[in-house]
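Undergrad: with the input below, show me the fold.
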Amino acid sequence: MSLLHDQRLRTVRWRDLSRLTFTEKVIENGITLPWLIASLTLAWFHLYLLAAPCSFLFFLTGLRVVHNGFHHTLGVSKTATWFTLFLNSMLMMTAMHAVKYNHLRHHKYCLQEEDVEGNCARMKPLVAVLYGPIFIYRLHAVALRDGGKAIRQGIRIELAAMVLFALAAFFFRLRFLEYHILAMLTGELFSGFFAVWTVHHDCDEHVFARTLSPRWKNFFTYNMFYHLEHHLFPGVPTIKLPELSTRIREKLPDLQVKEVF
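TA: So this is what the prediction gives:
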(Lines give C-alpha, C1' and ligand atoms only; values in the text may rest on other atoms or scores of the structure.)
Protein backbone atom coordinates (compact mmCIF):
# COMPACT_ATOMS: atom_id res chain seq x y z
CA MET A 1 0.00 0.00 0.00
CA SER A 2 1.29 3.45 -0.89
CA LEU A 3 2.26 5.68 2.00
CA LEU A 4 -0.21 8.24 0.63
CA HIS A 5 -3.07 5.93 1.64
CA ASP A 6 -1.95 5.62 5.26
CA GLN A 7 -4.92 6.95 7.20
CA ARG A 8 -2.64 8.26 9.96
CA LEU A 9 -1.48 11.02 7.61
CA ARG A 10 -4.92 12.59 7.98
CA THR A 11 -4.12 13.26 11.63
CA VAL A 12 -0.95 15.23 10.88
CA ARG A 13 -1.48 18.96 11.47
CA TRP A 14 0.03 20.95 8.62
CA ARG A 15 -2.25 23.82 7.59
CA ASP A 16 -0.88 26.12 10.28
CA LEU A 17 2.59 25.53 8.79
CA SER A 18 1.46 26.97 5.46
CA ARG A 19 1.22 30.45 6.98
CA LEU A 20 4.41 32.52 7.05
CA THR A 21 5.31 35.40 9.33
CA PHE A 22 6.76 38.58 7.81
CA THR A 23 10.28 37.48 8.76
CA GLU A 24 9.75 34.04 7.23
CA LYS A 25 8.50 35.65 4.01
CA VAL A 26 11.65 37.78 3.86
CA ILE A 27 13.80 34.70 4.35
CA GLU A 28 11.99 32.55 1.78
CA ASN A 29 11.97 35.27 -0.86
CA GLY A 30 15.41 36.74 -0.21
CA ILE A 31 17.46 33.68 0.71
CA THR A 32 19.38 33.79 -2.59
CA LEU A 33 20.50 37.41 -2.38
CA PRO A 34 23.63 37.04 -0.18
CA TRP A 35 25.00 34.31 -2.42
CA LEU A 36 24.11 36.12 -5.65
CA ILE A 37 25.78 39.33 -4.46
CA ALA A 38 28.83 37.44 -3.20
CA SER A 39 29.28 35.43 -6.40
CA LEU A 40 28.87 38.43 -8.72
CA THR A 41 31.16 40.59 -6.59
CA LEU A 42 33.92 37.98 -6.56
CA ALA A 43 33.47 37.43 -10.31
CA TRP A 44 33.73 41.21 -10.86
CA PHE A 45 37.21 41.03 -9.37
CA HIS A 46 38.00 37.91 -11.43
CA LEU A 47 38.14 35.71 -8.32
CA TYR A 48 36.32 32.90 -10.06
CA LEU A 49 37.51 30.07 -7.81
CA LEU A 50 36.13 31.90 -4.79
CA ALA A 51 32.97 32.81 -6.68
CA ALA A 52 32.24 29.19 -7.63
CA PRO A 53 31.02 27.94 -4.21
CA CYS A 54 28.90 31.09 -3.84
CA SER A 55 27.39 30.40 -7.28
CA PHE A 56 26.64 26.84 -6.20
CA LEU A 57 24.86 28.07 -3.07
CA PHE A 58 22.96 30.65 -5.11
CA PHE A 59 21.81 27.87 -7.43
CA LEU A 60 20.79 25.68 -4.47
CA THR A 61 18.84 28.44 -2.75
CA GLY A 62 17.42 29.50 -6.12
CA LEU A 63 15.96 26.02 -6.50
CA ARG A 64 14.39 26.47 -3.07
CA VAL A 65 12.79 29.78 -4.04
CA VAL A 66 11.37 28.63 -7.38
CA HIS A 67 10.26 25.33 -5.88
CA ASN A 68 8.22 27.20 -3.29
CA GLY A 69 6.98 29.39 -6.13
CA PHE A 70 5.74 26.32 -8.03
CA HIS A 71 3.52 25.47 -5.06
CA HIS A 72 2.62 29.10 -4.22
CA THR A 73 4.17 28.80 -0.76
CA LEU A 74 6.31 31.95 -0.82
CA GLY A 75 3.67 33.85 1.09
CA VAL A 76 3.20 36.45 -1.66
CA SER A 77 0.56 37.07 -4.32
CA LYS A 78 0.26 35.06 -7.54
CA THR A 79 1.47 38.08 -9.51
CA ALA A 80 4.55 38.45 -7.31
CA THR A 81 5.17 34.71 -7.60
CA TRP A 82 5.00 34.97 -11.41
CA PHE A 83 7.64 37.71 -11.40
CA THR A 84 9.78 35.69 -9.00
CA LEU A 85 9.77 32.79 -11.45
CA PHE A 86 10.44 35.19 -14.34
CA LEU A 87 13.41 36.84 -12.61
CA ASN A 88 14.91 33.53 -11.56
CA SER A 89 14.49 32.22 -15.10
CA MET A 90 16.99 34.85 -16.24
CA LEU A 91 19.27 34.46 -13.24
CA MET A 92 19.31 30.65 -13.42
CA MET A 93 19.08 30.32 -17.24
CA THR A 94 16.02 28.06 -17.39
CA ALA A 95 12.38 28.91 -18.10
CA MET A 96 10.89 28.24 -14.69
CA HIS A 97 7.32 28.01 -15.94
CA ALA A 98 8.45 24.99 -17.98
CA VAL A 99 9.96 23.44 -14.88
CA LYS A 100 6.81 24.29 -12.91
CA TYR A 101 4.53 22.56 -15.43
CA ASN A 102 6.53 19.33 -15.25
CA HIS A 103 7.06 19.54 -11.50
CA LEU A 104 3.34 19.71 -10.75
CA ARG A 105 2.81 16.74 -13.04
CA HIS A 106 5.62 15.01 -11.16
CA HIS A 107 3.54 15.33 -7.99
CA LYS A 108 0.44 14.03 -9.76
CA TYR A 109 2.12 11.10 -11.54
CA CYS A 110 5.14 10.54 -9.27
CA LEU A 111 7.54 8.05 -10.93
CA GLN A 112 4.88 6.89 -13.39
CA GLU A 113 5.21 6.92 -17.18
CA GLU A 114 3.65 10.39 -17.41
CA ASP A 115 6.23 11.83 -14.99
CA VAL A 116 8.74 13.52 -17.31
CA GLU A 117 10.65 15.13 -14.45
CA GLY A 118 11.01 11.87 -12.54
CA ASN A 119 12.20 9.86 -15.54
CA CYS A 120 15.89 10.10 -14.64
CA ALA A 121 15.25 8.61 -11.17
CA ARG A 122 15.08 5.18 -12.79
CA MET A 123 18.52 5.56 -14.39
CA LYS A 124 21.94 4.53 -13.16
CA PRO A 125 23.72 7.47 -11.49
CA LEU A 126 26.24 8.06 -14.30
CA VAL A 127 23.50 7.82 -16.92
CA ALA A 128 21.41 10.34 -14.94
CA VAL A 129 24.36 12.75 -14.95
CA LEU A 130 24.91 12.37 -18.70
CA TYR A 131 21.18 12.72 -19.29
CA GLY A 132 21.32 16.31 -17.97
CA PRO A 133 21.12 18.21 -21.30
CA ILE A 134 18.26 16.00 -22.52
CA PHE A 135 16.49 16.45 -19.18
CA ILE A 136 16.47 20.24 -19.52
CA TYR A 137 15.43 20.08 -23.18
CA ARG A 138 12.52 17.73 -22.43
CA LEU A 139 11.19 19.92 -19.62
CA HIS A 140 10.92 22.82 -22.05
CA ALA A 141 9.71 20.81 -25.06
CA VAL A 142 6.96 18.97 -23.16
CA ALA A 143 5.71 22.14 -21.45
CA LEU A 144 5.62 24.06 -24.74
CA ARG A 145 3.79 21.16 -26.39
CA ASP A 146 1.30 20.22 -23.68
CA GLY A 147 1.02 23.24 -21.39
CA GLY A 148 -1.92 25.62 -21.45
CA LYS A 149 -1.86 29.00 -23.14
CA ALA A 150 -0.68 30.88 -20.04
CA ILE A 151 2.11 28.36 -19.42
CA ARG A 152 3.35 28.52 -23.02
CA GLN A 153 3.22 32.32 -23.03
CA GLY A 154 5.16 32.50 -19.77
CA ILE A 155 7.82 30.15 -21.12
CA ARG A 156 8.26 32.17 -24.31
CA ILE A 157 8.63 35.39 -22.32
CA GLU A 158 11.21 33.78 -20.05
CA LEU A 159 13.19 32.30 -22.95
CA ALA A 160 13.24 35.67 -24.72
CA ALA A 161 14.44 37.41 -21.54
CA MET A 162 17.16 34.80 -21.05
CA VAL A 163 18.42 35.23 -24.61
CA LEU A 164 18.47 39.04 -24.32
CA PHE A 165 20.27 38.81 -20.97
CA ALA A 166 22.93 36.50 -22.39
CA LEU A 167 23.36 38.54 -25.59
CA ALA A 168 23.84 41.74 -23.59
CA ALA A 169 26.36 40.12 -21.25
CA PHE A 170 28.51 38.69 -24.07
CA PHE A 171 28.08 41.63 -26.47
CA PHE A 172 29.25 44.16 -23.88
CA ARG A 173 31.90 41.74 -22.57
CA LEU A 174 30.63 41.88 -19.01
CA ARG A 175 32.94 39.19 -17.69
CA PHE A 176 31.24 38.78 -14.31
CA LEU A 177 27.89 38.15 -16.01
CA GLU A 178 29.48 35.86 -18.60
CA TYR A 179 30.88 33.83 -15.71
CA HIS A 180 27.49 33.79 -13.96
CA ILE A 181 25.65 32.61 -17.07
CA LEU A 182 28.14 29.80 -17.71
CA ALA A 183 28.01 28.76 -14.04
CA MET A 184 24.21 28.59 -14.11
CA LEU A 185 24.13 26.64 -17.38
CA THR A 186 26.54 24.17 -15.80
CA GLY A 187 24.27 23.85 -12.78
CA GLU A 188 21.24 23.23 -14.98
CA LEU A 189 23.04 20.40 -16.76
CA PHE A 190 23.34 18.58 -13.44
CA SER A 191 19.92 19.52 -12.07
CA GLY A 192 18.26 16.28 -13.17
CA PHE A 193 20.77 14.28 -11.16
CA PHE A 194 20.91 16.46 -8.04
CA ALA A 195 17.28 17.62 -7.89
CA VAL A 196 15.54 14.40 -9.01
CA TRP A 197 17.78 11.32 -9.00
CA THR A 198 19.18 11.93 -5.51
CA VAL A 199 15.74 12.11 -3.91
CA HIS A 200 13.90 9.44 -5.91
CA HIS A 201 16.32 6.71 -7.00
CA ASP A 202 15.55 3.15 -5.93
CA CYS A 203 12.18 4.19 -4.54
CA ASP A 204 8.96 2.21 -4.86
CA GLU A 205 5.21 2.68 -4.64
CA HIS A 206 5.25 2.67 -0.84
CA VAL A 207 8.23 4.97 -0.18
CA PHE A 208 8.29 7.06 -3.34
CA ALA A 209 10.76 9.73 -2.21
CA ARG A 210 13.80 9.98 0.03
CA THR A 211 14.44 12.30 2.93
CA LEU A 212 17.33 13.57 5.04
CA SER A 213 16.85 12.99 8.75
CA PRO A 214 19.82 14.60 10.57
CA ARG A 215 19.07 18.26 11.31
CA TRP A 216 22.71 19.31 10.84
CA LYS A 217 22.74 17.92 7.29
CA ASN A 218 19.52 19.75 6.50
CA PHE A 219 20.96 22.97 7.92
CA PHE A 220 23.85 22.89 5.42
CA THR A 221 21.56 21.93 2.52
CA TYR A 222 18.93 24.59 3.26
CA ASN A 223 16.24 21.97 4.08
CA MET A 224 16.10 21.01 0.40
CA PHE A 225 16.15 17.26 1.08
CA TYR A 226 13.03 16.85 3.21
CA HIS A 227 11.63 15.46 -0.01
CA LEU A 228 9.35 12.72 1.29
CA GLU A 229 7.76 15.24 3.63
CA HIS A 230 7.33 17.67 0.75
CA HIS A 231 5.55 15.08 -1.40
CA LEU A 232 3.21 14.21 1.44
CA PHE A 233 2.33 17.86 2.15
CA PRO A 234 3.38 20.07 -0.80
CA GLY A 235 1.53 23.06 0.64
CA VAL A 236 4.12 23.48 3.41
CA PRO A 237 6.93 26.00 2.70
CA THR A 238 10.51 24.78 2.87
CA ILE A 239 11.24 26.78 6.02
CA LYS A 240 8.57 24.78 7.88
CA LEU A 241 9.62 21.31 6.70
CA PRO A 242 11.70 20.49 9.83
CA GLU A 243 8.61 20.97 12.01
CA LEU A 244 6.48 19.01 9.54
CA SER A 245 8.99 16.15 9.64
CA THR A 246 8.72 16.03 13.44
CA ARG A 247 4.91 15.93 13.29
CA ILE A 248 4.91 13.14 10.71
CA ARG A 249 7.29 11.00 12.77
CA GLU A 250 5.10 11.49 15.84
CA LYS A 251 2.02 10.18 14.03
CA LEU A 252 3.88 7.50 12.06
CA PRO A 253 6.59 6.24 14.46
CA ASP A 254 7.12 3.12 12.32
CA LEU A 255 7.65 5.13 9.13
CA GLN A 256 10.26 3.49 6.91
CA VAL A 257 12.39 6.06 5.09
CA LYS A 258 15.25 6.05 2.61
CA GLU A 259 17.96 8.61 3.28
CA VAL A 260 19.30 10.90 0.57
CA PHE A 261 22.81 10.55 2.00
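Undergrad: just the helices from the stretch 151-261 of the chain, written as ranges.
TA: Taking DSSP state H, counting those that start in this stretch as the criterion, the stretch 151-261 of the chain carries its helices at 175-189, 191, 198-200, 215-220, 227-232, 241-251.
Undergrad: format the ones you listed as TSV; extra columns: mean pLDDT, mean neighbour count and distance to His46.
TA: No exception for glycine: its C-beta is placed from N, CA and C like everyone else's. TSV is the format used below for these (pLDDT from 0 to 100; neighbours: other CB atoms under 10 Å; distance: least, CB to CB, whole Å):
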stretch	mean pLDDT	mean neighbour count	distance to His46
helix 175-189	98	18	7
helix 191	96	20	27
helix 198-200	98	22	33
helix 215-220	95	12	28
helix 227-232	97	23	37
helix 241-251	97	17	38
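Undergrad: please produce CSV containing those, extended by distance to His67.
TA: Shown next, in CSV, are those (distance: least, CB to CB, whole Å):
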stretch, distance to His67
helix 175-189, 14
helix 191, 11
helix 198-200, 12
helix 215-220, 15
helix 227-232, 8
helix 241-251, 11
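Undergrad: could you point out which of these sits nearest Tyr101?
TA: helix 191 (15.4 Å; CB to CB).
Undergrad: span of stretch 24-37 from start to end?
TA: This stretch, stretch 24-37, spans 21 Å end to end (CA to CA, to the nearest Å).
Undergrad: which stretch among the helices of the stretch 151-261 of the chain comes nearest Thr21?
TA: helix 241-251 (13.2 Å).
Undergrad: which residues make contact with the closest one from outside it?
TA: Around helix 241-251, the neighbours that count as contacts under CB atoms under 8 Å, 6 or more residues apart in numbering are 8-9, 11-14, 17, 211, 213, 215, 218, 223, 226, 229-230, 232-233, 236, 255.
Undergrad: can you turn the buried part of the residues you listed into a ChimeraX selection?
TA: Here is the ChimeraX command that selects the buried residues among the contacts of helix 241-251 (16 or more other CB atoms under 10 Å):
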select :12,14,17,211,218,223,226,229,230,232,233,236
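Undergrad: ok, and what's touching stretch 15-30?
TA: 64-65, 68, 73-76, 84, 233, 235-240, 243-244.
Undergrad: so which of the helices of the stretch 151-261 of the chain is nearest Trp44?
TA: helix 175-189 (4.4 Å).
Undergrad: give me the distance between the nearest residue to Phe170 once chain neighbours are set aside and Phe172.
TA: Distances taken as CB to CB, 6 or more residues apart in numbering put Glu178 closest to Phe170, at 6.0 Å, once the chain neighbours are dropped. Per CB to CB, to the nearest Å, Glu178 is found 10 Å from Phe172.
Undergrad: can you check Phe194 too?
TA: Phe194 is 32 Å from Phe172, by CB to CB.
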